[in-house]
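Here is my input; please provide its structure:
(chains A and B, ligands or ions: 2)
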Amino acid sequence: MLTQALFRALDKKAIWVIGIFLAVAALVPMANLLIPPGQFGHVPTYLVSLMGKYLAYAILALALDLVWGYCGILSLGHGAFFALGGYAMGMYLMRQIGSRGVYGNPVLPDFMVFLNWKELPWYWLGFDNFWFAMAMVVFVPGLLAFIFGFFAFRSRVTGVYLSIITQAMTFALLLAFFRNDMGFGGNNGLTDFKDILGAPVQAPGTRAALFAATAIALALSVLVCSMIVNSKLGKVMVAVRDAESRTRFLGYRVEYVKLFAFTVSAIMAGIAGALYVPQIGIINPGEFEPGNSIEVVIWTAVGGRGTLIGPIIGAIVVNLGKSWFTTTLPEFWLFALGALFIFTTLFLPKGIVGLWTQFFGARRAKAEQPTAPTPAQSADIERGEDPDSFGDNPQPKPAE
Amino acid sequence: MSTASDTMLYLDGVSVAFDGFKAINNLSIIVKPAEMLAIIGPNGAGKTTMMDIITGKTSPDAGQVLFDGRTDLTKLDEAAIANLGIGRKFQKPTVFESHTVWDNLEMALKKPRGIFAALFYTASDADVARITEILETVRLYARKDELAANLSHGQKQWLEIGMLLAQDPKLLLVDEPVAGMTDSETEETAKLLREIATTRSVVVVEHDMSFVRDLGSRVICLAEGSVLAEGTLDQVSANPVVIERYLGR
Ligand SMILES: Nc1ncnc2c1ncn2[C@@H]1O[C@H](COP(=O)(O)OP(=O)(O)O)[C@@H](O)[C@H]1O
Ligand SMILES: [Mg+2]
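Ligands and ions are numbered 1, 2, ... in the order given. You can find the predicted model right below:
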């Protein structure tokens, strides 16, 4: 059963993408550690971490694409799941500091000592254990998405309304995490990390390993997504995207289909956040900023939603642009990003990947169409005023 | 009306109003197992709304809707009703346009509808044979790998009928199936529906009188949400009220 699903997942395109990222996972650390600085082919450590950050973003974009591109759920709150995964990792890293903090308290992180706390809050217990923390990286975003999705999808909240409540969710978390008494370091968040699994986080070897872990996680995410979208469930997801209420009349429980996609996606986003934090060295409430989640939507749209490679390309290309702008023309970045999104919406509805397929052979394009978003041509059933028809429109309208 | 026992579909005193407008007004209809019923009537008579009520899209303000003599459909949602064995073809053909013809049928095929069942589903030889058979019945075998979006209007109608067959329902609700079909396609459709009705219950809504004649079934004329006349097509179309309110217009 599983082997057949795996076999289906490994179509030609997916094998290529997975192969490339596995190769990258091996080659970049080698170029960083084995080739001495100054020699041709050496990749400096700062660049390894920068690329690691991009790949973590790529996982996040792929996660969003699974719900948006394939299932028609435009989440404007995916940054929240990313941040929660990041916080779970950050809590582990904080507890590894031990007595090396400024206040030298063997158990309490500095910010708790500063707040005069006497003991560790219950929800910090267990985070000194790496595997417990990793379980929380998966469990916390997954549970939040499950509960949120259960109520939202069961009440048939769709379209713009759903987008707005996902945005409200991340905003509420932003406000909560800013509070000092929440016990997550308030405004400053969690930082000054020392070790991960006993290895110093700043050391080139650790950074190379974190990069490799991120590239492998991306390859696995592509594998999992490919398995889902190539299964019958994946086809039902696309059916929900294009004609939600029609899918119900076939006997599929649309709310469970969405709940599955949303929960899997949130878990992937959480893992991305956990890989991001040790490479960046900090996690703070700013990660819950609604704007962050909207940026993820833009990466995905620019790269090409409804494809597996599109969001990865989008995340990397847009963030390369961001890095360039923020060093040379920082004040123009937001304008450039806005312009890019409007340009994509108007002229490249299928993103960079769509452009590619347009240029390279109509035959390839035809083979890809089944998963690529199409305009709302399948329309809704019978009457236009059906409230369902909102969710049946896969065009990228909200977020504007 | 009498009793619900031994019926496939039992509507009794059903009413529904939209903003005070009574789209269905004290409607009572019975369909027996393996019986075909044709419903005619002017636009806005409530034919589609009746199907909305049976399939759980609209809930009635009053009345009883029973399936198979015992299951109260007004308490169930669309997916549950579909899984009981009620299949529906929509007035405006609605197929999944970004999927191939084959995938449309594979999704419709009667199989467990659960999330993990769908995730790990692999078509068995029997499934492939069944889909192939349906494709031949609805004459779309040659186009099985094409996107449903590329089909003509008539072919989409056929694909949707094929999806109905794949669902293997006990009761089929078919809303205006021959719109956009050629005369020979229309005849074929009548033949196919007659064949289906030998083992299942079928309710067909249609305006095309020669098609309804081909069906050779009991006919009900609906107007303003209630039954105007009932009988054979000849009886119904000879009814002076029907002539005045529907045929004469
Ligand atoms: N959801 C709805 N909201 C408001 N009015 C409706 C709705 N559904 C049906 N109607 C109205 O009910 C009447 C019956 O419509 P319908 O069942 O589509 O008729 P038919 O299929 O017989 O042509 C029409 O006047 C239609 O406008
Ligand atoms: Mg109608």
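
got the contact list for the closest residue to B:M8 other than its chain neighbours?
Counting by C-beta to C-beta, 6 or more residues apart in numbering or on different chains, B:M8 lies nearest to B:S201, which is 4.0 Å off, once chain neighbours are set aside. In this view, the C-beta of every residue, glycine as well, is placed from N, C-alpha and C. Neighbouring residues of B:S201 by C-beta atoms under 8 Å, 6 or more residues apart in numbering or on different chains: B:M8, B:L9, B:V31, B:K32, B:P33, B:A34, B:E35, B:M36, B:L37, B:K170, B:L171, B:L172.

Chain B against chain A: which residues are in contact?
B:48, B:55, B:57, B:77-79, B:82-83, B:88, B:90-92, B:94-100, B:103, B:106-108, B:113-115, B:118-122, B:147, B:149, B:163, B:167 (C-beta under 8 Å from any C-beta of the partner chain).

Cross-check those residues against ligand 2 and keep the overlap.
When those are checked against ligand 2 using C-beta under 5 Å from the ion, the ones in range are B:T48, B:Q91.

Next one: B:D125 from ligand 1, what distance?
According to C-beta to the nearest ligand atom, to the nearest Å, B:D125 stands 41 Å off from ligand 1.

residue ranges with poor pLDDT in chain B?
B:1-2, B:249 (pLDDT under 70).

Give me the phi and psi for the residue located most distally from the centre of chain B.
Relative to the centre of chain B, the most outlying C-alpha is that of B:F120, 30.4 Å out, by C-alpha atoms, centre = their mean. Per-residue torsions, B:F120: phi -100, psi 10 (degrees, to the nearest 10).

Tell me the buried residues within the residues of chain B next to chain A.
Buried by 16 or more other C-beta atoms under 10 Å in any protein chain shown: B:48, B:55, B:57, B:78-79, B:82-83, B:88, B:90-92, B:94-100, B:103, B:106-108, B:113, B:115, B:118-121, B:147, B:149, B:163, B:167, out of the residues of chain B next to chain A.

May I ask which helix or strand encompasses B:I220?
Element membership for B:I220 (DSSP states H and E) is strand B:218-223.

Residue numbers of chain B in contact with ligand 2?
Counting by C-beta under 5 Å from the ion, chain B sits next to ligand 2 at B:K47, B:T48, B:Q91.

Can I get the residues you listed in TSV including distance to A:R246 and secondary structure?
Converted to TSV, these look like this (distance: C-beta to C-beta, whole Å; DSSP: H, G, I helix; E, B strand; the rest coil):
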residue	distance to A:R246	secondary structure
B:K47	19	helix
B:T48	15	helix
B:Q91	13	coil
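
Take these and write them to JSON lines, including distance to A:P141.
Output for these, formatted as JSON lines (distance: C-beta to C-beta, whole Å):
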{"residue": "B:K47", "distance to A:P141": "48"}
{"residue": "B:T48", "distance to A:P141": "43"}
{"residue": "B:Q91", "distance to A:P141": "43"}
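
Show me what the helix or strand that B:S28 is a member of is in contact with.
Using DSSP H and E, B:S28 sits within strand B:21-31. Outside of strand B:21-31, the residues that reach it under the criterion C-beta under 8 Å, 6+ apart are B:1-2, B:7-17, B:37, B:46, B:49-50, B:53, B:60, B:63, B:171, B:201, B:203, B:220, B:222, B:224-227.

Surely B:E78 is in contact with B:T58?
No. Under the criterion of C-beta atoms under 8 Å, B:E78 is not in contact with B:T58, lying 10.4 Å apart.

Tell me what B:S15 is bridged to.
B:A62 (DSSP bridges).

who's in contact with stretch A:173-187?
Contacts for stretch A:173-187 (C-beta under 8 Å, 6+ apart): A:80, A:83-84, A:87, A:91, A:109, A:111-112, A:115, A:117, A:121, A:123-124, A:189-191, A:284-285, A:288-290.

Please list only the buried members of the residues you listed.
If we count by 16+ other C-beta under 10 Å, the contacts of stretch A:173-187 have these buried: A:80, A:83-84, A:87, A:91, A:109, A:111-112, A:124, A:189-191, A:284-285, A:288-290.

Inside helices: which ones of those?
A:A80, A:A83, A:L84, A:Y87, A:M91, A:F111, A:M112, A:P290 (DSSP state H).

mind listing what residue 205 touches?
Reading this off chain A. Residues near A:G205 by C-beta under 8 Å, 6+ apart: A:L33, A:A199.

wait, I meant chain B there
Contacts of B:V205 by C-beta under 8 Å, 6+ apart are B:A38, B:I39, B:I40, B:K47, B:T48, B:M51, B:Q91, B:V174, B:D175, B:E176.

B:T58 and B:D52 touch, don't they?
Yes. Here B:T58 reaches B:D52: they are 4.0 Å apart, a contact under C-beta under 8 Å.

Neighbour count: these two, which is higher?
Ranked by neighbour count (other C-beta atoms under 10 Å in any protein chain shown), B:T58 and B:D52 place B:D52 first, with 24 against 18.

element containing the more buried one?
helix B:47-54.

wait, does that helix contact ligand 1?
Yes. For helix B:47-54 and ligand 1, the contact criterion (C-beta under 6 Å from any ligand atom) is met by B:K47, B:T48, B:T49.

Kindly state the beta-bridge partners for the spatially most central residue of chain B.
By C-alpha atoms, centre = their mean, chain B has its centre lying nearest to B:L173, at 1.6 Å. When bridges are assigned using DSSP bridges, the partners listed for B:L173 are B:R88, B:V203.

residue contacts, it?
B:M51, B:I54, B:T55, B:I86, B:G87, B:R88, B:K89, B:V203.

out of the residues you listed, who has the most neighbours?
If you rank the contacts of B:L173 by neighbour count (other C-beta under 10 Å), B:I86 sits at the top with 30 neighbours.

I'd say it and B:F67 touch.
Yes. With contact defined as C-beta under 8 Å, B:I86 reaches B:F67; the gap is 6.6 Å.

shared neighbours of the two, anything?
Contacts common to B:I86 and B:F67, judged by C-beta under 8 Å, 6+ apart, are B:I54, B:L73, B:L171.

Helices of the stretch 201-350 of chain A, start to end?
Assignment of helices within the stretch 201-350 of chain A using DSSP state H, counting those that start in this stretch yields the ranges A:204-229, A:232-242, A:244-249, A:254-280, A:290-303, A:310-328, A:333-347.

For these, give me JSON lines that also has distance to ligand 2 and mean pLDDT.
Below are the helices of the stretch 201-350 of chain A laid out as JSON lines (distance: least, C-beta to the ion, whole Å; pLDDT from 0 to 100):
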{"stretch": "helix A:204-229", "distance to ligand 2": "35", "mean pLDDT": "97"}
{"stretch": "helix A:232-242", "distance to ligand 2": "22", "mean pLDDT": "97"}
{"stretch": "helix A:244-249", "distance to ligand 2": "15", "mean pLDDT": "95"}
{"stretch": "helix A:254-280", "distance to ligand 2": "24", "mean pLDDT": "98"}
{"stretch": "helix A:290-303", "distance to ligand 2": "38", "mean pLDDT": "96"}
{"stretch": "helix A:310-328", "distance to ligand 2": "40", "mean pLDDT": "95"}
{"stretch": "helix A:333-347", "distance to ligand 2": "36", "mean pLDDT": "91"}
